[in-house]
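Peer 1: Sequence and predicted structure, then a few things I'm wondering about:
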Amino acid sequence: MTSTTPASAGHHTEGPATIGDVPGAPAAARAERLVRRVVGGADSAPVQMRAPFTGQPIATLPQATDADVRAVFDQAREAQRAWAERPVEDRQRILIRLHDLVLKRQEEALDLVQIEAGKARMDAFDEVSATALVAAYYGKHSAKFLSPRRAAGLIPVLTKVGEIRHPKGVVGIISPWNYPLALTAMDVLPALAAGNAVVQKPDNQTALSALWLQEVAEEAGLPAGVWQIVLGRGSQIGDALVEESDYLCFTGSTPTGKGLAAKVAERLTSYSLELGGKNPMIVLPDADIAKTATGAVTACFSSAGQLCVSVERIYVHESIREEFTRAFVAKTAALRLGGALDYQAQMGSLTSEAQLETVSAHVEDARSKGAKVLTGGKARPDLGPLFYEPTVLTDVTEDVKLFAEETFGPVVSIYGYTDVTDAIERANDTKFGLNASVWSRNGRAGWEVAARLKAGTVNVNEGFAATFGTVGLPMGGMKESGVGRRNGAEGLLKYTEAQAIAVQRGMPLRPGKGIPPKLWVRALSTSLKALRRLPRR
């Protein structure tokens, strides 16, 4: 199935897979079936998608026009009306069936994610498990989140008030290439559970994974037309997505997110953005060296570092810096690289030529300015066109690009510190604030440091999976890492409009006929004082 090539720079390697020849690879018929689910594209040139492992073609994808997208939104609005009228319990049952089908058919999903994104199979399974978790969570809790909420009225007994939730309408979702299955689930499923229709634009490179989940959702009972998928470049269909959406959800780069936010603001509709990160990891002096080094490998090199919450900066107390660095470098150098559709490889390839160019440029810039490469530091064309070795750097100075810029690849820098407050300040000294990690034998000490970090999620004795996998927790960024949250109650309620309703009985809220205003004001003031003394509920 694969050929084994000599290890380079300590890395165990496997030869490249060939699409169509590898057992378990999706047949051409399966890809063609999924592509037929794409809406529009008759009037524009298609795009050919290639596998990162080999560079070989996978599928030819139709590209929508501006008119195609606007027509899709019209269709989605029609479908949404009937969908929103269905009891939320019906929508929950569909999500539970989807959960079961995703796990039952996971081998298909694993193959697709590996072939499209270039991931190792265990990293692809992270996406399958996240998708199942999201489906189950909203399958269980949506009715509770959407149920009418009672509140204390202005005048007890006489003022009955409540809050109800309405779906936004049609949600536009722009999904990235790096986590095509998991991020589709995290954004699309709660929008559907809230009673919205969805028009999604996944990245061309990983469109088949989103199309697969859409197909499985319809098999689980989702009505056709409620979730539709269009493909195309943002420059061609971005305006239509922004102008037609009742709510826009975007995951991608900070510059693109800022541009979309400006356009959405002109329409006074709402949005959520998950953007870039330069995620830090702080290793406290009491940390378990072996466990922390192992955890750091996962935190830095899962999905070849192409993960929004991946660690790119490690701050280690000087008392253990040498020992930690030695252990971490050894574990990094031992990682097995490969592109087979099995669990042998521990890290796959980068996903695009653009990512390979960025990673290579960042490492060479650092090297040219005095940074020391402790392991890795080069591309591996012998394995496939987009492989790059996991790389650990030290002696990185502020004039180096990767000191502050997001690399989004398998590259991490190690820095020393002597005072924990200094480490926290340096970790926070960034325009980003997406994820962070703290390592200590003392859980309470780790929590206290975590609470001082300016990041939307912080993991203690874990890199990212503890928060990422806890669907009940909100996930999102501070500062230029984003606006809004996915997951948890907020991840569903953001797709709704809150409406307050009050029913006033008996006593009117203005003086009635024949009642002097001063007497009314005095009586109401007395009532307000009495209300303040009532116990909290």
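Peer 2: Everything's here; your move.
Peer 1: if I've got this straight, Val316 is in a helix?
Peer 2: No: judged by DSSP: H, G, I helix; E, B strand; the rest coil, Val316 forms no part of a helix; its state is strand.
Peer 1: For Ser209, see how far away it is.
Peer 2: Counting by C-beta to C-beta, to the nearest Å, the gap from Val316 to Ser209 is 36 Å. Glycine gets a C-beta too; all of them are placed from N, C-alpha and C.
Peer 1: just checking, what packs against the helix or strand where Trp83 lies?
Peer 2: With elements taken from DSSP states H and E, the one containing Trp83 is helix 66-85. Based on contacts counted as 3 or more C-beta pairs under 8 Å, 6 or more residues apart in numbering; DSSP states H and E, the elements that helix 66-85 packs against are strand 170-174, strand 197-201, strand 227-229, helix 234-244.
Peer 1: would you turn these into a markdown table with mean pLDDT, mean neighbour count and distance to Pro381?
Peer 2: Written out in a markdown table, the entries for those read as follows (pLDDT from 0 to 100; neighbours: other C-beta atoms under 10 Å; distance: least, C-beta to C-beta, whole Å):
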| stretch | mean pLDDT | mean neighbour count | distance to Pro381 |
| --- | --- | --- | --- |
| strand 170-174 | 98 | 26 | 32 |
| strand 197-201 | 98 | 26 | 32 |
| strand 227-229 | 98 | 25 | 33 |
| helix 234-244 | 96 | 19 | 30 |
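Peer 1: Out of those, which gets nearest to Thr65?
Peer 2: Minimum separation from Thr65 across those (C-beta to C-beta) falls at helix 234-244, 7.0 Å.
Peer 1: Identify the residues contacting the closest one?
Peer 2: For helix 234-244, the external contacting residues (C-beta atoms under 8 Å, 6 or more residues apart in numbering) are 44, 63-66, 68-70, 73, 170, 172, 174, 199, 201, 230, 248, 256, 260, 263-264, 267.
Peer 1: Please report how far the spatially most central residue of the chain lies from Met507.
Peer 2: Ranked by distance to the mean C-alpha position of the chain (C-alpha atoms, centre = their mean), the top residue is Leu183 at 4.8 Å. Using C-beta to C-beta, one gets 52 Å for the distance from Leu183 to Met507.
Peer 1: And for Trp177?
Peer 2: 60 Å.
Peer 1: Neighbour count: the two, which is higher?
Peer 2: Trp177 (21 against 13; other C-beta atoms under 10 Å).
Peer 1: And the more buried one, how close does it get to Leu402?
Peer 2: From Trp177 over to Leu402 the distance is 21 Å, taken as C-beta to C-beta.
Peer 1: likewise Leu273?
Peer 2: Counting by C-beta to C-beta, the gap from Leu273 to Leu402 is 23 Å.
Peer 1: Next: Thr254.
Peer 2: Thr254 sits 16 Å away from Leu402, going by C-beta to C-beta.
Peer 1: The two: who's more crowded?
Peer 2: When Thr254 is set against Leu402 and neighbours are counted by other C-beta under 10 Å, the residue ahead is Leu402, at 25 against 19.
Peer 1: same for the lengthiest helix in the chain, what does it pack against?
Peer 2: For the chain, the longest helix by residue count, based on DSSP state H, is helix 121-146. Under the contact definition 3+ C-beta pairs under 8 Å, 6+ apart, helix 121-146 sits against helix 88-104, helix 106-117, helix 182-193, helix 488-493.
Peer 1: now the first one and helix 66-85, what's the angle there?
Peer 2: Taking axes from the mean of the first three to the mean of the last three C-alpha atoms, to 10 degrees, one finds helix 88-104 and helix 66-85 inclined to each other by 120 degrees.
Peer 1: Would you pull up how far helix 88-104 lies from the middle of the chain?
Peer 2: 21 Å (C-alpha atoms, centre = their mean, to the nearest Å).
Peer 1: Pull that helix out as PDB, backbone CA atoms only.
Peer 2: Written as PDB, here are the backbone C-alpha positions of helix 88-104 (Å, rounded to 0.1, in the frame of the first residue of the first chain):
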ATOM      1  CA  VAL A  88     -37.900  21.800  18.100                       C
ATOM      2  CA  GLU A  89     -38.200  18.200  19.400                       C
ATOM      3  CA  ASP A  90     -38.500  17.100  15.700                       C
ATOM      4  CA  ARG A  91     -35.300  18.900  14.900                       C
ATOM      5  CA  GLN A  92     -33.600  17.300  17.900                       C
ATOM      6  CA  ARG A  93     -34.500  13.800  16.800                       C
ATOM      7  CA  ILE A  94     -32.900  14.500  13.400                       C
ATOM      8  CA  LEU A  95     -29.700  15.500  15.100                       C
ATOM      9  CA  ILE A  96     -29.600  12.400  17.300                       C
ATOM     10  CA  ARG A  97     -30.100  10.200  14.200                       C
ATOM     11  CA  LEU A  98     -27.300  12.200  12.500                       C
ATOM     12  CA  HIS A  99     -25.000  11.500  15.500                       C
ATOM     13  CA  ASP A 100     -25.600   7.800  15.100                       C
ATOM     14  CA  LEU A 101     -25.100   7.800  11.300                       C
ATOM     15  CA  VAL A 102     -21.800   9.800  11.500                       C
ATOM     16  CA  LEU A 103     -20.400   7.200  13.900                       C
ATOM     17  CA  LYS A 104     -21.700   4.300  11.800                       C
END
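Peer 1: ok, residues contacting it?
Peer 2: Contacts to helix 88-104, defined as C-beta under 8 Å, 6+ apart, come from residues 83, 109, 128, 131-132, 135-136, 138-140, 142-143, 146, 189, 192-193, 195, 213, 216-217, 219-222.
Peer 1: can you pull the buried residues of it?
Peer 2: Under the neighbour-count criterion of 16 or more other C-beta atoms under 10 Å, helix 88-104 has 88, 91-92, 94-99, 101-102 buried.
Peer 1: could you dump these to CSV with distance to His362 and pLDDT?
Peer 2: Formatted as CSV, the buried residues of helix 88-104 follow (distance: C-beta to C-beta, whole Å; pLDDT from 0 to 100):
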residue, distance to His362, pLDDT
Val88, 47, 98
Arg91, 44, 98
Gln92, 45, 98
Ile94, 44, 98
Leu95, 40, 98
Ile96, 44, 98
Arg97, 44, 98
Leu98, 39, 98
His99, 39, 98
Leu101, 41, 98
Val102, 36, 98
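Peer 1: With distance to Thr294 added, can I get those residues in JSON lines?
Peer 2: Formatted as JSON lines, the entries for these read as follows, by distance: C-beta to C-beta, whole Å:
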{"residue": "Val88", "distance to Thr294": "43"}
{"residue": "Arg91", "distance to Thr294": "41"}
{"residue": "Gln92", "distance to Thr294": "38"}
{"residue": "Ile94", "distance to Thr294": "39"}
{"residue": "Leu95", "distance to Thr294": "35"}
{"residue": "Ile96", "distance to Thr294": "35"}
{"residue": "Arg97", "distance to Thr294": "37"}
{"residue": "Leu98", "distance to Thr294": "34"}
{"residue": "His99", "distance to Thr294": "30"}
{"residue": "Leu101", "distance to Thr294": "34"}
{"residue": "Val102", "distance to Thr294": "29"}
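Peer 1: of all those, which comes closest to Gly476?
Peer 2: The nearest one, if we look at these relative to Gly476 and count by C-beta to C-beta, is Leu95, at 21.7 Å.
Peer 1: circling back to that earlier point, pairing partners for the helix or strand just after the longest helix of the chain, with directions?
Peer 2: Past helix 121-146, further along toward the C-terminus, the next helix or strand under DSSP H and E is strand 149-151. Based on DSSP bridges, the strands next to strand 149-151 in the sheet, each with its direction, are strand 159-167 (antiparallel).
Peer 1: Can you report how many residues lie near the closest residue to Ala185 other than its chain neighbours?
Peer 2: Taking C-beta to C-beta, 6 or more residues apart in numbering as the measure, Ala185 lies nearest to Thr131, with 4.0 Å between them; neighbours along the chain are not counted. Around Thr131 sit 27 other residues, with neighbours defined as other C-beta under 10 Å.
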